[in-house]
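# Just need the structure, nothing else, for what follows:
(one chain, ligands or ions: 1)
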Amino acid sequence: MKHTFDLAALKAKSLPRCNFAALVIAWGLKLTLQGEASPEEVEKAIAEMKAAIDKQVAPFVPPQKECIGCGATLTGDDVVEAFLRATFVYGLAHGEGHCRACGYPARANHYAPEGGAGLSFVRVLQYHPDELEERKPAAAAL
Ligand SMILES: [Zn+2]
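Residues are numbered from 1 along each chain as shown. Just a heads-up that it's a prediction; the model follows:
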């Protein structure tokens, strides 16, 4: 789709990147470890998980309801709001979508890396502007 957001202006804002701490603040995420592990083992495992999550969500900006491209309500707090107001729509690629008002891209379906630590969840995270490149009009390539 043709987008209306200003990518250059968004890149110039130097927005923060998402990380584990941002998910804790936004979603109240909490890591716990059950079993017979020693406190040192637990601390090490949690540090590894946090590092894996930091890496996994780094391509996105911290969770927020408003679209960074146009300010529209991208996601709803509940099902009703999501249906009536939210502008996030899924695209053709699995789990990927965009703001239907301005076209800013986001991912809703996140999966832990295969064979590695991470989080699998369905929540909309918008891509960090630095992850995107302005697509040149086809005519410019000729
Ligand atoms: Zn938008």
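# Over to E66: give its phi and psi.
phi -90, psi 140 (degrees, to the nearest 10).
# is it in a bridge, and if so with what?
T73 (DSSP bridges).
# Report the contact partners of it.
By CB atoms under 8 Å, 6 or more residues apart in numbering, the contact list for E66 reads 72-74. Where you see a C-beta, it was placed from the backbone N, CA and C, and this is true even at glycine.
# Do you know the pLDDT at it?
For E66, the pLDDT comes out at 95.
# Tell me the spacing between T32 and the ion.
Distance, T32 to the ion, by CB to the ion, to the nearest Å: 36 Å.
# Check what pLDDT that residue gets.
Taking T32 on its own, its pLDDT is 82.
# so where does it fall, helix or strand?
Assigned by DSSP states H and E, T32 falls within no helix or strand.
# circling back: narrow the contacts of E66 to those that are buried.
72-74 (16 or more other CB atoms under 10 Å).
# so V24 sits in a strand?
No - per DSSP: H, G, I helix; E, B strand; the rest coil, V24 lies outside any strand segment and is helix.
# With adjacent residues omitted, what lies nearest to it?
Among residues not flanking V24 along the chain, K30 sits closest, at 7.2 Å (CB to CB, 6 or more residues apart in numbering).
# close enough to count as contact, the one you found and F20?
No - K30 lies out of contact with F20 (CB atoms under 8 Å); the separation is 10.8 Å.
# Thanks a lot, catch you later.
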